[in-house]
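> Generate coordinates for the sequence data below:
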Amino acid sequence: MSIRALVRAVPATFADALCASPPAHPIDVALARAQHAAYCEALTACGAAVELLPADESSPDCVFVEDTAVVVGRRALITRPGAPSRRGETAAVFAALEPHLELLQMHDPATLDGGDVMHVGETLYVGRSARTNADGIRQLQDAFPSQRVQVLDLPPGVLHLKCICSPLGGDAVLLVEGTVELPHMDVVHVTSAEAYAANAVAIHGHVVVADGFPRTHDALAARGLVLHPVPVSEVQKADGSLTCQSIVFATL
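You can find the predicted model right below:
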């Protein structure tokens, strides 16, 4: 069994990506593309086969491909993103995943962003957010009946669940202190000062992390994980991070 990572190129329109508040300095698209290339190289170093979809210039946020699908085992649910401007992103992802996985499609009135879903063991932890509604959570449960769905209320101002936590393999997770409760899990705590570092991509003992967060890096290294730090300044301006730039799944 091998690991595949589906990613999508940064569009020229990325400077118009959604964000909660305008950044102090506008997004530098050329720099964003260089940083995305470094991210793809890190995924490859983790052992993933990277598939790069072309950018969609009509969808400034299309690089944040995670929000368009949730994968569990050999099945994927194509989502209906919470931001209406992002709903055109799903068709290309559907076509890319179709050769590898059984696909299901989320329908109106459901909305759900993949960044609100964290899969650990037999549980799907789902953030109830401005982008993910009750119908989306119900359709997620219907799509994966073998999974337990645990709904979590997010702290104010948090866009997605994975802004504050991400899986590290097994029952281990990164989690920002004082945000949500994840009982019975092996938690690697992230301080509030390094909250952005709680979003990381773990693949078979390797982990892609945001650079510039030494305390979190030390905590992960102490677990025996091999770190692959990457620059994130431009995606951070668009309220993005690391997991949101890929859909990682196993293939036969």
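> now the helices for the chain?
29-45, 90-97, 134-143, 214-222, 233-237 (DSSP state H).
> Determine which stretch of these is the most buried.
Comparing the helices of the chain by mean neighbour count (mean count of other CB atoms under 10 Å), helix 233-237 comes out on top with a mean of 21. Any C-beta I mention is one placed from the backbone N, CA and C, and that applies to glycine too.
> any idea how far it is from the chain center?
How far helix 233-237 lies from its chain's middle: 14 Å, per CA atoms, centre = their mean, to the nearest Å.
> Same check on stretch 153-166?
Worked out by CA atoms, centre = their mean, stretch 153-166 lies 12 Å from the chain centre.
> Only alpha carbons, please: show that stretch as PDB.
Only the C-alpha atoms of stretch 153-166 are listed here, as PDB (Å, rounded to 0.1, in the frame of the first residue of the first chain):
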ATOM      1  CA  ASP A 153     -17.600  23.400  19.100                       C
ATOM      2  CA  LEU A 154     -14.800  25.600  18.000                       C
ATOM      3  CA  PRO A 155     -13.400  28.500  20.000                       C
ATOM      4  CA  PRO A 156     -14.400  32.000  18.700                       C
ATOM      5  CA  GLY A 157     -12.500  33.100  15.700                       C
ATOM      6  CA  VAL A 158     -11.300  29.600  14.700                       C
ATOM      7  CA  LEU A 159     -12.000  29.000  11.000                       C
ATOM      8  CA  HIS A 160     -11.600  25.200  10.900                       C
ATOM      9  CA  LEU A 161     -11.000  22.400  13.400                       C
ATOM     10  CA  LYS A 162      -7.600  21.600  12.000                       C
ATOM     11  CA  CYS A 163      -6.500  25.200  12.700                       C
ATOM     12  CA  ILE A 164      -6.100  24.000  16.300                       C
ATOM     13  CA  CYS A 165      -5.300  20.200  16.000                       C
ATOM     14  CA  SER A 166      -4.100  17.600  13.500                       C
END
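> Return the set of buried residues in it.
By neighbour count on 16 or more other CB atoms under 10 Å, the buried set for stretch 153-166 is 154, 158, 159, 160, 161, 162, 163, 164, 165, 166.
> Tell me if I'm right that the last one and residue 203 touch.
No: Residue 166 is not in contact with residue 203 according to CB atoms under 8 Å; the separation is 11.9 Å.
> Common neighbours of those two, please.
Contact criterion CB atoms under 8 Å, 6 or more residues apart in numbering; no residue bridges residue 166 and residue 203 by contacting each.
> Export the buried residues of stretch 153-166 as CSV, with columns for distance to residue 182 and pLDDT.
Below are the buried residues of stretch 153-166 laid out as CSV (distance: CB to CB, whole Å; pLDDT from 0 to 100):
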residue, distance to residue 182, pLDDT
154, 13, 96
158, 15, 97
159, 19, 97
160, 16, 98
161, 11, 98
162, 13, 98
163, 14, 98
164, 10, 98
165, 7, 98
166, 11, 98
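> In contact with residue 165: list those residues for me.
Counting by CB under 8 Å, 6+ apart, the residues that residue 165 touches are 118, 125, 173, 174, 175, 176, 179, 180, 182, 198.
> My guess is residue 138 contacts residue 110. True?
Yes: under the criterion of CB under 8 Å, residue 138 makes contact with residue 110 at 7.3 Å.
> What distance do you get for residue 5 to residue 125?
Per CB to CB, to the nearest Å, residue 5 is found 21 Å from residue 125.
> Repeat that for residue 212.
27 Å.
> So for the two, which residue has more residues nearby?
residue 125 (22 against 14; other CB atoms under 10 Å).
> so what's the more buried one up against?
Applying CB under 8 Å, 6+ apart, the residues near residue 125 are 117, 118, 119, 150, 152, 161, 165, 182.
> Please verify my assumption that residue 44 contacts residue 50.
Yes: Residue 44 is within contact range of residue 50, at 5.6 Å (criterion: CB under 8 Å).
> How many neighbouring residues does residue 208 have?
Neighbours of residue 208 (other CB under 10 Å): 28.
> give me the beta-bridge partners of it?
For residue 208, the beta-bridge partners under DSSP bridges are residue 201, residue 228.
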